[in-house]
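Peer 1: predicted model and sequence below, questions to follow.
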Amino acid sequence: MTTLEISQPLLRSGNLLGEGPLWHPIRKQLFWLDILEGQIHRCNAGGDDHQVQALTSMPGSLHLTPNPNLLWVTTSNGLVQFNIESGHCEQAPLQVPLNENMRFNDGKTDPQGRLWAGTMHMQGNQPCGDLLRIDNSGLAVIKDKQTIPNGLTWTKAGDTFYHIDSATRQIKAYNFAITTGEIDDERTVLDFQGNIAEPDGMTIDQRGRLWVAFWDAAEVRCCDPVSGKVVLTVKVPVPRPTSCCFGGDDLNDLFITSARKGLSQEALEQAPMSGDLFHIRLDCAGYAEQVCTLQLP
């Protein structure tokens with residue numbers, strides 16, 4: 001198995017809980033969240049022109065729209081359309097089932113432009129969350145009893161959906177019906193039960209391999225869902241990488257977010273780059289993120 005190593009961050013962002021990286025192909029910028037600080041971050045592919053915009057609620061995921069100046073953002077107050085230039089948020093009139101002490105977590109846009117996102121308890125210790133699908137006809141609960149819903153991605157053909165509930169330490173695959181957005185035939189393609197580390201955010205490359213950030217393992221693992229094996233590991237100098245995405249002009253750049261959340265003072269002294277943004281150039285490419293077709297009424 002090949003092992004690569006990152007020794008320095010692309011950007012000293014110092015996030016408490018960096019998450020949800022999203023490459024914007026038109027703006028040529030990377031966007032990501034600090035969930036617990038309620039911030040949207042962005043920079044260019046080289047880590048320059050770093051900008052931070054504050055939200056009034058806790059975000060969970062970012063989604064492209066047909067307008068390059070707008071993003072959909074799932075938040076603790078529901079779904080909002082965020083204007084990148086002004087920082088203004090427009091609330092969508094959609095009732096999202098977020099009870100007290102609940103928040104959104106990871107989310108992605110499916111091949112038909114529908115928004116998918118998970119909800120979870122603030123403490124991440126109760127199976128009371130849902131995996132939601134949102135489109136112009138409304139909201140549907142696809143899976144319930146989720147503890148830490150994470151890592152959504154689809155194959156190029158769009159016929160297979162991959163998803164993680166981090167608490168299970170398993171990566172699941174489902175048959176995916178593109179026209180309806182329904183899933184069936186759940187199966188486990190990678191099983192990390194027995195490990196302390198948890199699979200967190202995930203993306204897919206053009207070879208069909210899954211790139212998964214592992215919380216408390218200080219690495220991103222490239223996994224083959226067919227063989228069920230880890231084929232490549234990217235070591236990072238922080239214990240808690242959280243998610244990753246492909247970006248850059250040719251989509252060969254892997255961007256990795258990380259967290260300081262929950263680390264002791266001693267751990268932070270040993271890993272002072274915790275919460276920073278990392279990057280590595282790879283010999284494989286990913287896919288451009290789908291554009292969300294959800295519209296405000």
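Peer 2: Yep, it's here.
Peer 1: use CA for all of it now, contacts and neighbours both
Peer 2: Fine.
Peer 1: contact partners of the strand or helix carrying residue 164?
Peer 2: Element membership for residue 164 (DSSP states H and E) is strand 160-165. For strand 160-165, the surrounding residues in contact (C-alpha atoms under 8 Å, 6 or more residues apart in numbering) are 146-155, 170-176, 183, 199-200.
Peer 1: show me these that map onto strands.
Peer 2: 146, 149-154, 170-176, 183, 199-200 (DSSP state E).
Peer 1: separation between the most far-flung residue of the chain relative to its centre and residue 238?
Peer 2: Largest separation from the mean C-alpha position in the chain: residue 266, at 27.7 Å (C-alpha atoms, centre = their mean). Here residue 266 is placed at a distance of 13 Å from residue 238 (C-alpha to C-alpha, to the nearest Å).
Peer 1: also residue 84?
Peer 2: Separation of residue 84 from residue 238 (C-alpha to C-alpha): 30 Å.
Peer 1: between these two, who's got more neighbours?
Peer 2: More crowded of residue 84 and residue 238, by other C-alpha atoms under 10 Å: residue 238, with 27 against 15.
Peer 1: hang on, the more buried one in a strand?
Peer 2: No: residue state for residue 238 (DSSP: H, G, I helix; E, B strand; the rest coil) corresponds to coil; a strand is not indicated.
Peer 1: residue contacts, it?
Peer 2: Applying C-alpha under 8 Å, 6+ apart to residue 238 gives the contacts 218, 258, 271-274.
Peer 1: the closest residue to residue 188 other than its chain neighbours bridge partners, please.
Peer 2: Nearest non-adjacent residue to residue 188, counting by C-alpha to C-alpha, 6 or more residues apart in numbering: residue 172, 4.5 Å away. Beta-bridge pairing for residue 172 (DSSP bridges): residue 163, residue 188.
Peer 1: check contacts around residue 172.
Peer 2: Each residue near residue 172 by C-alpha under 8 Å, 6+ apart is listed here: 162-164, 186-190.
Peer 1: ok, residue 138 next?
Peer 2: Shown in contact with residue 138 (C-alpha under 8 Å, 6+ apart): residue 94.
Peer 1: could you redo the last one with a cut-off of 7 Å?
Peer 2: Neighbour list for residue 138: empty [criterion: C-alpha atoms under 7 Å, 6 or more residues apart in numbering].
Peer 1: pLDDT value on it, please?
Peer 2: Listed pLDDT for residue 138 reads 92.
Peer 1: residue 195 now?
Peer 2: For residue 195, the predicted pLDDT is 87.
Peer 1: so where is the stretch 151-297 of the chain shaky, pLDDT-wise?
Peer 2: Nowhere does the stretch 151-297 of the chain drop to pLDDT under 70.
Peer 1: tell me where it has strands.
Peer 2: Along the stretch 151-297 of the chain, counting by DSSP state E, counting those that start in this stretch, strands occupy 160-165, 170-176, 183-191, 198-204, 210-215, 219-224, 229-235, 241-247, 253-258, 278-281.
Peer 1: now the stretch 1-150 of the chain
Peer 2: For the stretch 1-150 of the chain, strands defined by DSSP E, counting those that start in this stretch occupy the ranges 2-5, 18-24, 29-34, 39-43, 51-54, 59-64, 70-75, 78-83, 89-91, 102-109, 115-121, 129-135, 138-146, 149-154.
Peer 1: how about these, which one is nearest residue 11?
Peer 2: Closest to residue 11 of the strands of the stretch 1-150 of the chain is strand 39-43 (C-alpha to C-alpha; 8.8 Å).
Peer 1: any idea how far that closest one is from the chain center?
Peer 2: In terms of C-alpha atoms, centre = their mean, to the nearest Å, the centre of strand 39-43 is found 14 Å from the chain centre.
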